[in-house]
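Peer 1: Sharing a model prediction with you, sequence too.
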Amino acid sequence: MNKRHFAEKCFALTTRLSLLLCAAVLLFLLGSILFQGIGAMSLEFLFTPAREFGKSGGIFYQLFGSLLIVLIGALLVLPLAFGTALFRNAYNSNSVIARVMDQSLYALNAIPSVTYGIFGLIFFVNFLGAGISWFVGSVILAIMMLPTVTLSTSQAMAAIPKIYNENAAALGLAKKDIIRRVTLPQSFHGVVTGLLISLARAIGETAPIMFIATAFSGVKVPNSLVEPVSTLPTHILELAQQSTDPQALQNAWGASLTLILLAAIFSGLALFLRRRLNREGRSS
């Protein structure tokens with residue numbers, strides 16, 4: 001056995017061991033959350049308001065607040081991300097601009113989530129005086145989701161065979177008609193995938209919204225755009241500080257399991273819809 005072959009064998013073995021180690025850690029964490037949290041899961045837990053700062057009751061308002069913030073954030077980011085990707089692939093012909101846009105999106109995607117929270121606190125809360133507002137939290141999450149959704153959409157648009165657009169143009173379709181009849185159907189799976197993956201990430205974020213959108217207790221359904229909400233991540237953080245109380249700890253595990261299940265649902269939907277929409281787009 002020569003040195004090169006030996007090195008390749010070692011590299012392959014190291015890669016497999018790393019994969020097994022990561023999988024084992026992931027399974028251990030998920031198994032622990034499932035084992036500890038399954039006892040708290042029930043319809044009553046999901047649809048009952050929290051009481052005594054979360055020590056008793058359920059997580060209804062926290063679940064509602066989390067879904068409200070991320071879904072409104074998704075609605076805010078969708079047109080901006082699609083428009084940016086459309087400009088990048090359909091209207092821009094300058095390779096330098098395209099490269100700058102790509103690098104900027106990758107850089108934004110690598111920014112720690114706490115930085116977005118600090119920006120929201122300084123700009124929206126302190127400078128604009130918006131106060132603690134769930135809508136501001138949605139705006140910050142939309143900014144945080146923008147790179148992922150834009151990159152996913154842009155890559156889906158770039159993967160469309162050029163002959164599709166050329167054939168459409170040869171048939172006399174205008175630019176807007178080509179976008180409506182070719183670009184959008186063929187790249188819609190990228191929009192949906194990026195959006196759902198971003199939702200799976202955003203719903204578990206604490207740092208970007210903790211100081212600008214959420215309250216730890218005492219809030220229900222907001223009546224305006226400038227009121228706070230309670231979310232699952234902040235609720236878990238609050239309950240973790242009461243870990244000496246068995247009931248509070250049990251509720252924390254139940255809220256953690258709910259959060260994991262929501263992220264898994266969004267990720268599973270992304271995989272399912274990507275395959276289905278991609279297949280329908282190719283057949284249309």
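Peer 2: Everything's here; your move.

Peer 1: Show me what whichever strand or helix holds G120 is packed against.
Peer 2: Assigned by DSSP states H and E, G120 belongs to helix 113-120. Other elements packing on helix 113-120 under the criterion 3 or more Cβ pairs under 8 Å, 6 or more residues apart in numbering; DSSP states H and E are helix 134-158. The C-beta positions use only the backbone N, C-alpha and C, and glycine is treated the same way.

Peer 1: Enumerate the positions of the helix it packs on that are buried.
Peer 2: Buried residues in helix 134-158, counted by 16 or more other Cβ atoms under 10 Å: 134-157.

Peer 1: can you check stretch 121-129 too?
Peer 2: For stretch 121-129, burial by neighbour count (16+ other Cβ under 10 Å) applies to L121, F124, V125.

Peer 1: average model confidence for stretch 161-168?
Peer 2: When pLDDT is averaged along stretch 161-168, the result is 82.

Peer 1: ok, residues contacting it?
Peer 2: Stretch 161-168 is contacted from outside by D177, I178, R181, V182, T183, Q186, using Cβ atoms under 8 Å, 6 or more residues apart in numbering.

Peer 1: can you pull the contacts of the fifth one?
Peer 2: Which is T183. For T183, the contact set (Cβ under 8 Å, 6+ apart) comprises L86, N89, A90, M157, I160, N165.

Peer 1: Could you point out which residue ranges in the stretch 51-200 of the chain have low pLDDT?
Peer 2: For the stretch 51-200 of the chain, no stretch has pLDDT under 70.

Peer 1: could you pull out the helices for it?
Peer 2: Secondary structure of the stretch 51-200 of the chain (DSSP state H, counting those that start in this stretch): helices located at 60-86, 95-110, 113-120, 134-158, 162-170, 175-178, 184-202.

Peer 1: Grab the nearest non-local neighbour of I236.
Peer 2: Spatial nearest neighbour of I236, chain neighbours left out: A255 (5.0 Å); criterion: Cβ to Cβ, 6 or more residues apart in numbering.

Peer 1: Okay, domains of the protein per the record?
Peer 2: 1-37, 43-283 (automatic domain parsing).

Peer 1: Pick the most deeply packed of those.
Peer 2: Of the domains of the chain, the one with the most neighbours on average (mean count of other Cβ atoms under 10 Å) is domain 43-283, at a mean of 18.

Peer 1: roughly how far is it from the heart of the chain?
Peer 2: With Cα atoms, centre = their mean, to the nearest Å as the basis, domain 43-283 stands 4 Å off its chain's centre.

Peer 1: sorry, back to before: close enough to count as contact, the residue nearest to I236 and T234?
Peer 2: No: checked against Cβ atoms under 8 Å, the pair A255 and T234 is beyond contact range at 10.1 Å.

Peer 1: overlap in contacts of these two?
Peer 2: Common neighbours of A255 and T234 (Cβ under 8 Å, 6+ apart) are Q62.

Peer 1: And the pLDDT for M1?
Peer 2: 57.

Peer 1: Same question for G254.
Peer 2: Per-residue confidence at G254 stands at 90 (pLDDT).

Peer 1: likewise G281?
Peer 2: Listed pLDDT for G281 reads 56.

Peer 1: Can you tell me, leaving aside adjacent residues, what's nearest to the residue nearest the centre of the chain?
Peer 2: Taking Cα atoms, centre = their mean, the centroid of the chain lies closest to S198, which sits 2.2 Å from it. Excluding its sequence neighbours, the residue lying closest to S198 (Cβ to Cβ, 6+ apart) is M145, at 3.7 Å.

Peer 1: ok, now M101?
Peer 2: Using Cβ to Cβ, 6+ apart, the closest residue to M101 is R88 (5.5 Å).

Peer 1: Would you mind confirming that that neighbour is in contact with A156?
Peer 2: No: under the criterion of Cβ under 8 Å, R88 is not in contact with A156, lying 11.6 Å apart.

Peer 1: what do the two both touch?
Peer 2: By Cβ under 8 Å, 6+ apart, no residue touches both R88 and A156.

Peer 1: for the closest residue to I143 other than its chain neighbours, what are its contacts?
Peer 2: Leaving out its chain neighbours, the residue that sits closest to I143 by Cβ to Cβ, 6+ apart is Y116, at 6.2 Å. Y116 makes contact with I140, I143, M144, A207, P208 under the criterion Cβ under 8 Å, 6+ apart.

Peer 1: Backbone dihedrals for the last one, please?
Peer 2: When quoted as degrees, to the nearest 10, the phi and psi of P208 stand at phi -70, psi -20.
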